[in-house]
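**Student:** What shape does this take:
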Amino acid sequence: MHVGLNLLHLVPAETGGLELYARRLAPALLSAGAGIELTLFVSREGAPSLAAEPWAQATRVVEVPVNARSRPRRVLAEQTLLPAATRRARVDLLHNMFTTAPALPGVPQVTTIHDLIYRRVPETHEGILTTGMAVLTRLAALRSQRVLTVSESAAGDIEHHLGIDRDRIDVAYNGPGMDEPAEPLAPYELRRRFELGDARLLLSVSAKRPHKNLERLIEAVAALPAEEDWVLVIPGYPTAYEQRLREHAEARGAGERVRFLGWVDDLALDGLYRAADCFVFPSLAEGFGLPVLEAMRRGAPVASSDATSLPEVGGDAAVYFDPTDTAAITGAILRILRDPGLAADLRERGRRQAERFSWEASAAATLRSYERALAMARR
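**Tutor:** Numbering: from 1, shown residues only. Reported below is the predicted structural model:
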């Protein structure tokens with residue numbers, strides 16, 4: 001099977017979890033699929049870093065002449081240049097990995113639609129972007145033999161909002177994002193580096209976007225009883241929304257206790273997960289919820305929103321709360337901080353739950369979707 005991977009939207013270090021999905025799934029497909037051949041269709045920005053991946057030596061990398069940082073240009077290239085490139089490469093099937101797809105691909109195609117957050121929380125995107133995503137996502141779903149997604153919750157959204165029959169949708173859960181270091185960062189070094197002192201560490205690894213619900217989280221931790229000594233750490237690349245969050249923390253009297261670290265390297269992020277007294281994830285909507293998986297793998301007790309896909313990821317290894325109820329978020333955090341037995345139980349349950357997710361399993365499910373797509377195209 002010769003599969004083309006549509007990676008035109010990948011911009012290194014700027015594509016978030018979607019980039020991780022592509023970089024982890026591709027080598028897993030090579031390992032899982034006997035006789036599978038991969039051709040990667042990439043932009044000018046994505047070509048050098050993808051070609052440098054060790055596993056890329058077993059693939060063919062085709063650079064499509066487009067500036068991927070320009071949304072209109074990459075959408076246009078996906079509709080025009082990509083189908084021509086797939087024909088020249090003679091692929092059997094095209095896998096669009098980033099939610100959108102060509103309307104006339106010339107070959108059978110599978111499209112991964114990671115989520116429909118733009119429908120659940122429209123303020124996540126500006127108006128025109130929401131409209132554009134709605135049009136392009138529905139077009140991709142209609143023009144693909146199979147739609148792949150990363151949770152049953154997301155599959156339900158695709159069926160309901162896009163009108164796609166459930167029997168055309170395949171679920172392939174994500175695997176973990178970060179490798180575990182051979183020598184994890186020592187807790188004292190981590191606390192010294194980020195000036196955390198001896199306070200209880202509350203961690204929320206999250207993009208600073210409206211649907212992540214960080215304003216309510218700040219309100220929830222600001223309402224913790226005065227005797228609780230805590231610091232809330234929020235790593236993640238800066239966005240325009242961050243200033244609003246900083247101002248919100250100041251207004252709630254928590255400015256000194258809420259730390260926005262910006263981007264941190266994987267070693268430091270691994271250390272933060274391991275050192276966390278409570279990992280809190282208050283998101284209003286997720287396609288999957290990778291930070292919850294990363295926290296469980298590293299033994300952090302998890303307090304999580306009960307929205308969308310998050311109970312699928314967390315299983316019985318989290319304390320859940322209604323993300324629209326600030327008092328419920330506060331209560332979930334306090335349960336973990338004040339009950340060492342519960343925290344220890346969540347750490348153990350979390351490690352077991354995390355073992356259910358792997359890129360090997362994701363690749364196997366993806367290959368099954370490819371086979372179904374080709375079978376449908378032959379009918």
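**Student:** In terms of helices and strands, where is Leu139?
**Tutor:** In this structure, Leu139 is located in helix 127-142 according to DSSP states H and E.
**Student:** Any chance you could list what contacts that helix?
**Tutor:** 71, 75, 96, 99-101, 103, 111, 113, 116, 118-119, 122, 124-125, 147, 158, 162, 164 (C-beta atoms under 8 Å, 6 or more residues apart in numbering). Just so you know, the C-beta spots here come from the backbone N, C-alpha and C atoms, and that holds for glycine as well.
**Student:** Need the contact partners of the helix or strand just after that helix.
**Tutor:** Next along the chain after helix 127-142, taking DSSP H and E as the criterion, comes strand 146-149. Residues outside strand 146-149 that contact it (C-beta under 8 Å, 6+ apart): 95, 110-115, 140-141, 155, 158, 164, 168-172, 287, 366, 369-370, 372-373, 376.
**Student:** And stretch 37-52, by the same measure?
**Tutor:** So stretch 37-52 is contacted by 1-12, 23, 26, 29-30, 56, 58-69, 74, 77, 82, 85-86, 89, 91 (C-beta under 8 Å, 6+ apart).
**Student:** mind listing which of the residues you listed are in strands?
**Tutor:** 2-7, 60-63 (DSSP state E).
**Student:** of those residues, buried ones?
**Tutor:** Among those, those classed as buried by 16 or more other C-beta atoms under 10 Å are 3-7, 61-63.
**Student:** Redo these as TSV? Include pLDDT.
**Tutor:** As requested, these are exported to TSV (pLDDT from 0 to 100):
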residue	pLDDT
Val3	98
Gly4	98
Leu5	98
Asn6	98
Leu7	96
Val61	96
Val62	96
Glu63	96
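**Student:** Buried among the contacts of strand 146-149? Make that a PyMOL selection.
**Tutor:** Paste this into PyMOL to select the buried members of those, with burial taken from 16+ other C-beta under 10 Å:
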select buried, resi 95+110+111+112+113+114+115+140+141+155+158+164+168+169+170+171+172+287+366+369+370+372+373
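**Student:** Show me the contacts of strand 146-149 that map onto helices.
**Tutor:** Those of these mapping onto helices are 140-141, 155, 158, 366, 369-370, 372-373, 376, per DSSP state H.
**Student:** before we move on, back to that, just how off-centre is the helix holding Leu139 within its chain?
**Tutor:** 19 Å (C-alpha atoms, centre = their mean, to the nearest Å).
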